[in-house]
Every structure is written in C-alpha cells, then in structure tokens.
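Colleague: Have a look at this prediction, sequence included:
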Amino acid sequence: MTAAPAATETFIARWQGQEGGQERANYALFLSELCDVLGVRRPAPAAATTEENDYVFERVVKRAAADGSNGLGRIDLYKRNSFVLEAKQSRQTGGAKQLVEYLPGMEPPTRGVRDASRTWDVLMLNARRQAEGYARALPVDHGWPPFILVCDVGHVIEVYADFSGQGKNYAQFPDRQSFRIYLEDLRRPDIRERLALIWNDPLHLNPARHTARVTRAISERLAAVSKALEDQGHDAEDVTMFLMRCLFTMFACSPGIELLPESSFRDLLQRCEADPSRFVHMVGQLWEAMDKGDFAFALKPRCAASTANSSRPERSCRSGERKSGSCAAPPRPIGRTSIPRSSARCWNRRWTRPNAAGWVPTTRRAPMWNGWSLRP
C-alpha cells in the first residue's frame, strides 16, 4: 500500500487522541479539514434563504413534534442529493464526559483507532436515528439523500446507504464489516476515494449500477466471441450451445458452488492457450465427465456433481475397489435430471437410450438444464 499523503498524516495526527471539548466547537473544523484531505470542496456559507442552502453546515429543516406542532431542526452538514451528516463528540476519558469506566490497570484505547463500547454504540445509534429524522424532514423536491453519515469527531464516520430513493432502508455500507471508517483508515487510498465519491458522485457507488456495467461488459465480450466463431464458419446454434456450456462450467468452479475445483476451468483454458491442439480433447473429456460424474483427466480430481434426488442406488465395494476409491456410486450428473441408464423409457419423451456420450435429447427444444448433448 502506498504511503498516505502528508496532508492525511497531518490531519490524523491533529485529531487522533484529541481530548476535545464541545461537539459544536469542533465538528465544523474537523469536517472542513476532512474535505481538504479528500480533495472535495468545502461547504458553502449559509444563505439567508433556506431553500438555497444545498451544501452547508447547520441546514435548517422543519420537523413535526410528537404533539403535532412544528419545530426546527439543524442538520450538522447537508449536501443535496448526497448525504445528511450528524456529528457527535463522544465523551472523553476522565471527568464528567467519560462514557466508559475503565478498571485500574486498564489502558483506555487511543481515539481514532478501532474500539467501541456498548454505550458508544447507543450514542451512534441515536445519532443515526436523528439523521434519518432530518432526512425525512427535507423538502419534498430535495428527495431522500442516498447516504446517511454519522460522525464521531476525531474518531470514526459510520456510513449508511439507501439507493432506492425511498428512505426506508438505510443499511450499513458497503457491508457490516467495513461501514465504520476510522481515522486511521484514511491512510488507505480506496477509503479516501469512497468518501470523495459520497461527496461528489454518490450514485456511482450504487451496487446495482456496478452490476449492470459488469453484465453489459460481459455481454459485449460474449457477443464478440460469438461473432468471431460464426465468422469462422461455425453454426450459430452450435456456437450458442458451446458458450452456454463454457458459462455453466465457469459457474461450477465459482467459490461456494464447488461442483468443480475453484479456478480449475480457467487453469485448463490457460494450458490450452499454450497448446491449442489440446483444447478439443481436454474440454470435451471434461464435459463428458461432468455429464457422467466420472474422472476428468484435464482437472485430475473426479467431477463432484450433486447427488441430491439421485435415483442411482448405493452399492458396496467390490474386491480391489477400496484402495482406488472407485466403489462409490456415480453422483448425479451436473445440469440434467438424473435417469437410470438401464431404463429404456424416456422422461417426458425427450430422452432416448444412452450412448457413449450420455443421454441425448431427441429434440432441439429439450431444455438445456435437462441434459448435455455431449460428444467425446
């Protein structure tokens, strides 16, 4: 990891371990200096007309009280279409402002590094609810901000996001493990970039947009591969089936799926790239092994297909099979309905007797997930 800029180190040293005082005395200065570290514009001076205050400290909003009357609230830092930020200064060690009592011999943690008590969690939770109340009180034409930020001055910023525009589900962002950005985390370039995007382009962090971009990029690449294969004279339907089998094999190697060893298909393709003459034989044998649940010579281990709802009965080991481990009943082939190979009947009349390549559909309209028409 590259060294943090000097301005970042100066900012951390200035605020980390700071005993501090009143929240109102410190939060504006802390956030203004944070803007400099992130390379974003500082908040603008507040205008006399509230409607013009789109990026200011102490933004006034009208809130309904429990008795039905209207009161005024002040957002510590507000940026329209970006975030509502509520700042707190947790009580410091020593004196009347201490939140947590430490036993003799226990050294209190340094502010700005990872530590939290239950009492502190309650403080931050209440601040989050207060920020959500301010977001609810914004003018209708402002809409719901995508982010809620809760800042403990000189210590941490908690990030919550709701990209739906409904304001009903502000969740920890990007996840529950890393939604808290401690002062020491500002040394990481990716953390500074994330905060800068919250300021300047919050919707860029919307996971749905990222997924759409990735899906579009993959679709464009598949279309290019398909066109290249068709230009070489391959039938369009054969190309489609080939690419679908490639995608399914990649899925089978995905972490958490583990129907095939992780990254094994990628490694196989890399070996075939070095010697293209091996591609047809090695990939073809892999797909045949996937269909039967047999040993895949290209991958070394046996293809671990699902055995759920398999109609093949278990059998005891024969002589000489215990050492080789080949006595286990073959697992249900990946991606098709399990049918006893001894059966001469067809499942819904779409399957014929098996041949060397496995069950072969009798019609092109047979669902892809019901079987693989593989040829050795």
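Modeller: Sure thing, it's come through.

Colleague: Just the buried residues of stretch 249-256, please?
Modeller: 249, 252-253 (16 or more other CB atoms under 10 Å). (C-beta placed from N, C-alpha, C; glycine too.)

Colleague: can you tell me which helix in this structure is longest?
Modeller: helix 207-231 (DSSP state H).

Colleague: I'd like to know which elements that one is packed against.
Modeller: Using 3 or more CB pairs under 8 Å, 6 or more residues apart in numbering; DSSP states H and E as the contact criterion, the elements in contact with helix 207-231 are helix 236-252.

Colleague: Could you export the helix it packs on as PDB, CA atoms only?
Modeller: Extracted C-alpha coordinates of helix 236-252, given in PDB (Å, rounded to 0.1, in the frame of the first residue of the first chain):
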ATOM      1  CA  ALA A 236     -24.800 -20.100 -34.800                       C
ATOM      2  CA  GLU A 237     -26.700 -22.600 -32.700                       C
ATOM      3  CA  ASP A 238     -23.600 -24.700 -32.100                       C
ATOM      4  CA  VAL A 239     -21.800 -21.500 -31.000                       C
ATOM      5  CA  THR A 240     -24.600 -20.600 -28.600                       C
ATOM      6  CA  MET A 241     -24.500 -24.100 -27.000                       C
ATOM      7  CA  PHE A 242     -20.800 -24.000 -26.800                       C
ATOM      8  CA  LEU A 243     -20.700 -20.600 -25.000                       C
ATOM      9  CA  MET A 244     -23.500 -21.700 -22.600                       C
ATOM     10  CA  ARG A 245     -21.500 -24.800 -21.600                       C
ATOM     11  CA  CYS A 246     -18.500 -22.600 -21.000                       C
ATOM     12  CA  LEU A 247     -20.500 -20.300 -18.800                       C
ATOM     13  CA  PHE A 248     -22.000 -23.300 -16.900                       C
ATOM     14  CA  THR A 249     -18.500 -24.700 -16.300                       C
ATOM     15  CA  MET A 250     -17.300 -21.400 -15.000                       C
ATOM     16  CA  PHE A 251     -20.300 -21.300 -12.700                       C
ATOM     17  CA  ALA A 252     -19.500 -24.800 -11.500                       C
END
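
Colleague: Now that helix: buried residues?
Modeller: In helix 236-252, the ones that count as buried by 16+ other CB under 10 Å are 239, 242, 245-246, 248-249, 252.

Colleague: One more: stretch 132-142?
Modeller: So for stretch 132-142, counting by 16+ other CB under 10 Å, buried means 132, 134-135, 137-138.

Colleague: From the opening residue of it to its closing one, how far?
Modeller: 14 Å (CA to CA, to the nearest Å).

Colleague: avg pLDDT for that stretch?
Modeller: On average, the pLDDT along stretch 132-142 is 93.

Colleague: Check stretch 31-51 too.
Modeller: The model assigns stretch 31-51 a mean pLDDT of 92.

Colleague: Please enumerate the helices of the protein.
Modeller: With DSSP H as the criterion, the chain has helices spanning 6-15, 23-38, 118-136, 189-200, 207-231, 236-252, 264-274, 279-292, 321-324.

Colleague: what does the first one contact?
Modeller: Contacts to helix 6-15, defined as CB atoms under 8 Å, 6 or more residues apart in numbering, come from residues 4, 30, 33-34, 36-37, 112, 153-154, 183-184, 186-187, 192.

Colleague: try 7 Å this time
Modeller: 30, 33, 36-37, 112, 154, 183-184, 186-187 (CB atoms under 7 Å, 6 or more residues apart in numbering).

Colleague: List the contacts of Tyr134.
Modeller: Counting by CB under 7 Å, 6+ apart, Tyr134 has contacts 61, 73, 75, 84.

Colleague: rerun at 8 Å
Modeller: 61, 63, 73, 75, 78, 84, 86.

Colleague: Neighbour-wise, which one of these leads?
Modeller: Val84 (29 neighbours; other CB atoms under 10 Å).

Colleague: is it true that that residue touches Ile75?
Modeller: Yes: with contact defined as CB atoms under 8 Å, Val84 reaches Ile75; the gap is 5.6 Å.
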